[in-house]
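Asker: could you look at this predicted model? Sequence included:
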Number of protein chains: 2
Amino acid sequence: MITLGIDFGGTSLRAALVDTISGTILHSARQPTPALDGPLAVTQAIASLARDVLAEGKDIQVGGIGCPAYVDLNSGRLLNVPNVPGDWPAFAFRDELTRLVGHPIHPINDVRAITLGEWKFGAGRGATTLACYAIGTGIGGGVVIDGKLHLGISGSAGELGHQVVDPTGQFCNCGTQGCLETVAAGPAIAAAAAQAVIRRKPTLIASLIGGDLNKVTPAVVIQAAHQGDAIAREIFEQAGQYLGFALVNTMVTISPQRILIGGGIGTAAGDLLMDPVRRTIRERSHMVPMDRIQVTTTQLGDNAGVIGAALWAETQIN
Amino acid sequence: MITLGIDFGGTSLRAALVDTISGTILHSARQPTPALDGPLAVTQAIASLARDVLAEGKDIQVGGIGCPAYVDLNSGRLLNVPNVPGDWPAFAFRDELTRLVGHPIHPINDVRAITLGEWKFGAGRGATTLACYAIGTGIGGGVVIDGKLHLGISGSAGELGHQVVDPTGQFCNCGTQGCLETVAAGPAIAAAAAQAVIRRKPTLIASLIGGDLNKVTPAVVIQAAHQGDAIAREIFEQAGQYLGFALVNTMVTISPQRILIGGGIGTAAGDLLMDPVRRTIRERSHMVPMDRIQVTTTQLGDNAGVIGAALWAETQIN
């Protein structure tokens, strides 16, 4: 079956025709997200891109869209969209997008879509129970249980980045404090690196940014770590340890066969993050048969989102 | 249907004939657990009690038993039995018990059994997804997802007491460190009270124990708290806050409709524990529709275990 899959990101939009039998992308297009122009303009841009892509196929009746948001599956509205300004809760996103595209378009949280894509065609193949962590600007997640994406109330299950791992720690974009996201996502990694430079610790990061603190990004910290920089490595050790605690919580709660780590930073950091994650798990998780839980990186990269969105759409056909 | 349900506790054994249609107990008997006599003697005592109870019914073909253990559902062995000494992993518990009773007896973790009982006939009725925390000497748990007890690998899902909530904290019976169990179960509550007495803090606990630190129990701390003792109340505040963090993690991971708090201490402490739990959840959990997640105490008390064990047995009939 060929289905439309859309990836609605904070900076770019992508739409694709997905063969959901083989998990291959037949045609795809991108454009920047007009993120500052408000919900209607963003939705019009998505619809326009979707129509362009649909013109390349035929008889495609339905689409799915992964959104950087808390998606209320009942109303089809986006209740919390941290990186795209506007009064989203007041905007009938699903209905408006469906009207503009001319076919039913089913929204779902972006990392839930990635989870579906990786489960069916990526690093999650063959598992019946798995969890996926996507580490980028924030930390999203998704959970598959007994061969089904587990949604919970209004699709809110799988918000793995909002586990409390540092109760007295930093405030979080979600409005609370000490979430995993505050200590292991991109901004936390960049902030720790900036602190190291400010405190004049001996780190390559200082020269890599040429003294300009605005240039501190997770990518720079990764670069320094790969060059053997001890401070940069320690930053990933810290983040990986917290991520490991969160994975232990996931393990003892749902005892999945596999846990996937992806997202821009999860993928780029690779073993810098996975080594401390795996060590923390070995040290902490004695109540589950850990040797039977694989912890691995995602495989589909950028394609997981559109593939998963298409898969999601097909589950929504009556 | 009438089925045998057994509750294997560290101090007492209970067997019951359970009407699993109505959730009522038709006949039940107890005896102390010969915990120090080793796996074979304990299993013989269980079998003897089971046979006595079976003699009160007829045509009962199967039984279930809730065990204070990590139960490997594949082998039917008890791989970790913190409170009952002996080389349990080497002992073919399910096979031996089945042989001695003369009917298949299916073991499951004790709190998973409680979860089943409460879900079908207690505080969990009507929910399709729920989590149960039982707080006693340790903290056990169970998870129901989409209308089914979720087992995970070899039945290890639901070990909610072994979430990491205090990474640099106390060592845990499970062999690791900082588990919820180390800060919110009975021994942690008693230890905090003993510390308060030793440090000569102004607390009623000192007079309630007549100066004998061996008499510090969670029950004494509850008594003091009910008499308005600020130190005792603060001890439950602390425990309840950690428990609240764990509940937040459960909420963001599986987004259940209901979370049940039970076990000897959970039940006896009541609002002393539930108030800080609920407050912590309100403060922390912004990513799930918390107002739609009920947090409540269990209802069946001591009966949940035998009822749940009988329900478990019926799921195991081919």
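Answerer: Structure received. Values in this document were obtained by computation on a predicted structure and should not be read as measured data.

Asker: just confirm residue A:72 contacts residue A:80, I think it does.
Answerer: No: contact criterion CB atoms under 8 Å: residue A:72 and residue A:80 do not qualify, at 9.5 Å. Placement of C-beta: from N, CA and C, glycine included.

Asker: ok, these two, which is more surrounded?
Answerer: Neighbour tally, residue A:72 and residue A:80, criterion other CB atoms under 10 Å in any protein chain shown: the higher count belongs to residue A:72, 20 against 16.

Asker: look up phi and psi at the more buried one.
Answerer: Phi and psi for residue A:72, reported as degrees, to the nearest 10, are phi -80, psi 110.

Asker: now the stretch 101-250 of chain A against chain B: closest residue?
Answerer: residue A:152 (2.4 Å; CB to the nearest CB).

Asker: for that residue, which non-adjacent residue is closest in space?
Answerer: Spatial nearest neighbour of residue A:152, chain neighbours left out: residue B:255 (2.4 Å); criterion: CB to CB, 6 or more residues apart in numbering or on different chains.

Asker: thinking again about what came up before, now do the contacts for the residue of the stretch 101-250 of chain A closest to chain B.
Answerer: Residue A:152 makes contact with A:158, B:129, B:254-256, B:288, according to CB atoms under 8 Å, 6 or more residues apart in numbering or on different chains.

Asker: which residues touch the closest residue in space to residue A:8 that isn't next to it in sequence?
Answerer: Closest residue to residue A:8 apart from its sequence neighbours, by CB to CB, 6+ apart: residue A:67 at 4.8 Å. Neighbour list for residue A:67: A:8, A:78, A:81, A:93, A:107-110 [criterion: CB under 8 Å, 6+ apart].

Asker: also residue A:156?
Answerer: A:70, B:252, B:255, B:287-289.

Asker: one more: residue A:9?
Answerer: Residue A:9 is in contact with A:33, A:68, A:110, counting by CB under 8 Å, 6+ apart.

Asker: residue A:82 is in contact with the second one, correct?
Answerer: Going back to what we said before, that points to residue A:68. Yes: with contact defined as CB under 8 Å, residue A:68 reaches residue A:82; the gap is 7.2 Å.

Asker: looking at these two, which is more packed in?
Answerer: residue A:68 (25 against 15).

Asker: got the phi/psi numbers for the more buried one?
Answerer: Residue A:68 adopts backbone torsions of phi -80, psi 60, taken as degrees, to the nearest 10.

Asker: for it, give its distance to chain B.
Answerer: To chain B, residue A:68 is 13 Å away according to CB to the nearest CB, to the nearest Å.

Asker: where in chain A is pLDDT low?
Answerer: A:285, A:318 (pLDDT under 70).

Asker: quickly list the domain ranges of it.
Answerer: Split into domains by automatic domain parsing, chain A comes to A:2-115+A:302-315, A:126-297.

Asker: on that earlier part again, tell me the one of the contacts of residue A:156 nearest residue B:62?
Answerer: residue B:255 (34.0 Å; CB to CB).

Asker: that closest one contacts residue A:157, doesn't it?
Answerer: Yes: if you go by CB under 8 Å, residue B:255 and residue A:157 touch, sitting 3.7 Å apart.

Asker: what's the burial count for residue A:212?
Answerer: 8.

Asker: is chain B within reach of stretch A:223-237?
Answerer: No: using CB under 8 Å from any CB of the partner chain, we find that stretch A:223-237 stays clear of chain B, coming within 13.4 Å at best.

Asker: what's next to that stretch, contact-wise?
Answerer: A:189, A:192-193, A:196, A:201-205, A:208, A:221-222, A:269, A:272-273, A:276.

Asker: which of those residues fall within helices?
Answerer: A:189, A:192-193, A:196, A:204-205, A:208, A:221-222, A:269, A:272-273, A:276 (DSSP state H).

Asker: one step back: pull out the buried members of the contacts of residue A:152.
Answerer: Applying 16 or more other CB atoms under 10 Å in any protein chain shown to the contacts of residue A:152, the neighbour count classes A:158, B:129, B:254-256, B:288 as buried.

Asker: which among those residues gets closest to residue A:214?
Answerer: Closest to residue A:214, out of all of the buried ones among the contacts of residue A:152 and judged by CB to CB, is residue A:158, at 33.4 Å.

Asker: from what I see, the closest one and residue A:141 are in contact.
Answerer: Yes: assessed by CB under 8 Å, residue A:158 is found in contact with residue A:141 at 4.6 Å.

Asker: all strands for the stretch 51-200 of chain A, in order.
Answerer: Counting by DSSP state E, counting those that start in this stretch, the segments of the stretch 51-200 of chain A that form strands are A:63-67, A:70-72, A:77-80, A:105-109, A:130-135, A:139-145, A:148-149.

Asker: which of the residues in the top helix by length along chain A are buried?
Answerer: Longest among the helix segments of chain A by residue count, using DSSP H, is helix A:230-254. Under the neighbour-count criterion of 16+ other CB under 10 Å, helix A:230-254 has A:231-254 buried.

Asker: how about the residues of the stretch 151-300 of chain A by chain B?
Answerer: So the stretch 151-300 of chain A meets chain B at A:151-154, A:156-160, A:162-165, A:167, A:174-178, A:241, A:245, A:248-250, A:252-257, A:283-289, A:292-293 (CB under 8 Å from any CB).

Asker: those in helices, which ones?
Answerer: Those of these lying in helices (DSSP H): A:241, A:245, A:248-250, A:252-254, A:283-284.

Asker: the residues you listed: which two are farthest apart?
Answerer: Every pair of these checked by CB to CB; the farthest is A:241 and A:254, at 21.2 Å.

Asker: most neighbours among the ones in helices among the contacts of stretch A:223-237, which one?
Answerer: Highest neighbour count within these: residue A:221, with 32 neighbours (other CB under 10 Å).

Asker: and that residue, how far from residue A:234?
Answerer: The gap separating residue A:221 from residue A:234 is 10 Å, by CB to CB, to the nearest Å.

Asker: rebuild the contacts of residue A:67 as TSV, extending it with neighbour count.
Answerer: Shown next, in TSV, are the contacts of residue A:67 (neighbours: other CB atoms under 10 Å in any protein chain shown):
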residue	neighbour count
A:8	29
A:78	24
A:81	23
A:93	28
A:107	29
A:108	27
A:109	26
A:110	27
